[in-house]
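1. quick one: sequence and predicted model below, then my questions.
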Amino acid sequence: MMEPGLYHVLFISTALFFIGVFGFLTRRNLITMLMSIELVLNSVNINFIAFNKYVWPNQLDGLFFSIFVIAIAAAEAAVAIAIIINLYRSHQSIDVENAEDLKF
Amino acid sequence: MNEFLQIQLLGIFSLGMNLGWALVMIPLLPLLGFLLLGLFGKKFLKQSAGIFATLLLAASAFLSLHTAYGYFFKYGKSEGIYQKIVPIQFTWLQFSPGVSIDLGILLDPISVMMLVVVTFISLMVHVYSLAYMKGEERFPTYYSFLGLFTFSMLGLVMSSNIFQLYIFWELVGVSSFLLIGYYYDRPSAVAACKKAFIITRFADLGFLIGILILSFYGGTLDFNTLIEKLTSTDSTEFKTIVSASFMGISALTWALVLVFIGGAGKSALFPLHVWLPDAMEGPTPVSALIHAATMVVAGVFLVARLFPVFSMSEVALMVVSIIGIISALFAALIACTQTDIKRVLAYSTMSQIGFMMFSLGVSGQGGESGLGFTAAMFHLFTHALFKALLFLGAGSVIHFIHSNEMKDMGGLRKHLPITHITFLIACLAISGVPPFAGFFSKEEILLAAYHHNATIYWIALATSGLTSFYMFRLYFSIFWNKEHIAHGEAHGEGGFVMMLPLIVLSVGAAAAGFIPFGEYVSADGKALESVFHLQFSIAPVALGLAGIFTAMWMYKKQNNRPDTIAHSMNSFYKLAYHKFYVDELYLFVTKKILFNLIGKPAAWFDKNVVNGLVNGTGNFTLFISEKAKGFQSGKVQQYAIYFLAGMIGLAVLFIYIWK
């Protein structure tokens, strides 16, 4: 059995990235969109860790970066959830189409 | 004195500022009237507008009489020659050290004579209008327009340079336009004022080009310098303007003919006369002032002003005399057939102006040959008096009858005794019956023509016969013919205020001929002996009397002779009755040819190309913004797509192109 190499991991992370982007663009539910953004962030995390493991195995920069990303993602999720709740309060819906009038 | 207001006191110092102020006030008083009445007339001077304007004009008339007295008898003459005095002149627009437009006052015999004529006739018309226009809604406006006209006309005759004259020339046109269109609720008056303005404006184009050519070659706009330069045969300016030629005709002739076209437009000479009969839509006193006595002779004045230059070009003088004589005869023929009394008078005016013009055309510069010039100016003077009188008389007839048509009149001599007598005097004067004013001036014109050109003389003689015929046709039709049947309440002649100008003018029309005019006004400033040949006068006077008796035979009693005669000359009568179809020709040329060939393509170009460009710019912007609007949808996901597309684009750019 062949050990998975860098390219396999990159394939997964790229797939995950585009799945996330696709979800973000097609879903109308704000929660689902938030989840799609998490997918995109996680694909980036996978990239960091994979490059760290395969290209510079002796260093920890990639790991640190992915921890930072996770922390920021948590903060971002908190902010996003707050926005969604406020939106729901004012619009009785979390459908992104209904948020159109925010442009005014 | 600063350099912009450099008042040059030429000539005698003792007459310096005093004369200057008096002169400046002559045109400024009517201007003051115009401004005050125009701005405040409707509110504060509704009733007293007429009196106010009349008093201002009386002051102005007094000042011009004073000026005339001073000029002709005190300081005007030096060594037996009347000088051209420029008491005031300052630079108005300085374009470059050599080129400037000045404003100034030029006094010479013709301008002083015109000052008197204009202020005097204008004063008479002001007085007359007090009664005639009483109760008009726009009474102050009327007087303010009269003031504007008088100001412009006075400015015109006093101008010291040709460009200043042109400015006032246009102002005169504007005020004529305003006054013809005074009754602006009548469509015919509106059409008439537009017609007058457009035709004279069209002719002024020629005048402007003429001015440009003259000043280009002469190197100056100033009358005195221009005349001096262009009349001395050995000056460089004269040599260049004569040697420069276009289509085989020298630049001098071109310039003069173009200037003459401007004059012909203002003076209603054939073929630019069509506006004058229609201009009779204005109030009758206005017709008397503008379209008989003063403005229409501006063309004659212009030619007289530039006469020394005109006399250097045979061809230009010939054009002047041919157009003059054609207009005289042509208008006289039409006048015999018209039935609207004001139109008869309008054609008669055109005919008399034709007389003045050909008289200038047959004149020479200086000495005995300058008789034509003096005669033209003399006729201008006497014509102003009797034609204003005729129009004011016609005004009081119209005031009485409320109609312009001859067929509504007849037998008015008992109802309008003063008008009748004064009208008769004016008719005798214009017919050239001695000893009334017209006799002397017309006699001089005929004499000048006789010495110069036999053809012109014979046509002029025939025309003067026609003149007395149509004037007495008018006279008999109004005051004799059938009996007047009064219907409605009868009212009098219009009272003392209306009769006073008639009486004053009739004294002028009767006696002005005895003024030794040649002593004061001549082409070269020297006194001209007026020679009087008794045997020469026989033919014109006999013809004039023949015309009067023919008119008497036909119109004194109501009979069918006019109809029979008109019937026997059927086609010719119709031709004259329809004014030789000149109006129709104009309509044909403008509507069919100009509108179709120039107007329509121009309109098409305007509609499609010019409008297309403007609208295209707007539509393009609209289109772009309509498209751009879509980007700002407010949809988060759409923004995300743009962002993604942008990122992918950048990625492709960095990876594959800018490696």
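-> Arrived safely, thanks for sending.
2. so the closest residue to B:Ile326 other than its chain neighbours is in which element?
-> The shortest distance from B:Ile326 to any non-neighbouring residue, by Cβ to Cβ, 6 or more residues apart in numbering or on different chains, is to B:Phe270 (5.0 Å). The C-beta positions use only the backbone N, C-alpha and C, and glycine is treated the same way. B:Phe270 belongs to no helix or strand when assigned by DSSP states H and E.
3. who's in contact with B:Phe270?
-> B:323, B:326-327, B:330-331, B:350, B:354, B:582 (Cβ atoms under 8 Å, 6 or more residues apart in numbering or on different chains).
4. what's the lowest-pLDDT member of those residues?
-> Lowest pLDDT of these: B:Val582, 79.
5. from B:Gly649, how far off is B:Ile657?
-> Applying Cβ to Cβ, to the nearest Å, the value for B:Ile657 to B:Gly649 is 11 Å.
6. which intervals of chain A have sub-threshold pLDDT?
-> Across chain A, residues meeting the criterion (pLDDT under 70) sit at A:1, A:103-104.
7. the residue nearest the centre of chain A - nearest residue in space that isn't next to it in sequence?
-> What sits nearest the mean C-alpha location of chain A, by Cα atoms, centre = their mean, is A:Glu38, with 2.5 Å. Spatial nearest neighbour of A:Glu38, chain neighbours left out: A:Ala73 (6.3 Å); criterion: Cβ to Cβ, 6+ apart.
8. mind checking how far the residue nearest to the centre of chain A is from B:Lys74?
-> In terms of Cβ to Cβ, A:Glu38 sits 113 Å off from B:Lys74.
9. cool, and B:Trp480?
-> Taken as Cβ to Cβ, the span from B:Trp480 to B:Lys74 is 49 Å.
10. check B:Leu644 too.
-> 101 Å.
11. neighbour-wise, which of the two wins?
-> Neighbours were tallied for B:Leu644 and for B:Lys74 using other Cβ atoms under 10 Å in any protein chain shown; the higher tally belongs to B:Leu644 (13 against 10).
12. now the strand or helix carrying that one: buried residues?
-> Per DSSP H and E: B:Leu644 is located in helix B:636-652. Neighbour-count burial for helix B:636-652 flags B:Val636 (criterion: 16 or more other Cβ atoms under 10 Å in any protein chain shown).
13. now stretch B:177-189: mean pLDDT?
-> Here the average pLDDT along stretch B:177-189 is 89.
14. which residues touch the closest residue in space to B:Gly361 that isn't next to it in sequence?
-> Excluding the flanking residues, the one nearest B:Gly361 by Cβ to Cβ, 6+ apart is B:Ser321, at 2.5 Å. Counting by Cβ under 8 Å, 6+ apart, B:Ser321 makes contact with B:357-358, B:360-362, B:453, B:456.
15. and the residues you listed, which of them are in helices?
-> B:357-358, B:360-361, B:456 (DSSP state H).
16. who's in contact with B:Val309?
-> Contact partners of B:Val309, counting by Cβ under 8 Å, 6+ apart, are B:214, B:226-227, B:230-231, B:252, B:256.
17. which of these sits closest to A:His8?
-> Comparing these against A:His8 with Cβ to Cβ places B:Leu214 closest, at 99.5 Å.
18. would you mind listing what in chain B touches chain A?
-> B:632-637, B:640-641, B:644 (Cβ under 8 Å from any Cβ of the partner chain).
19. returning to what we had before: I'd assumed A:Leu41 was in contact with the residue nearest to A:Glu38.
-> Yes. Using Cβ atoms under 8 Å, A:Ala73 is in contact with A:Leu41, at 4.9 Å.
20. ok, back up a step: let's see if you can find the most crowded of the ones in helices among the contacts of B:Ser321.
-> Greatest neighbour count in the ones in helices among the contacts of B:Ser321, by other Cβ under 10 Å, goes to B:Phe358: 32 neighbours.
21. quick check, it in contact with B:Ile325.
-> Yes. Judged on Cβ under 8 Å, B:Phe358 makes contact with B:Ile325 at a distance of 4.5 Å.
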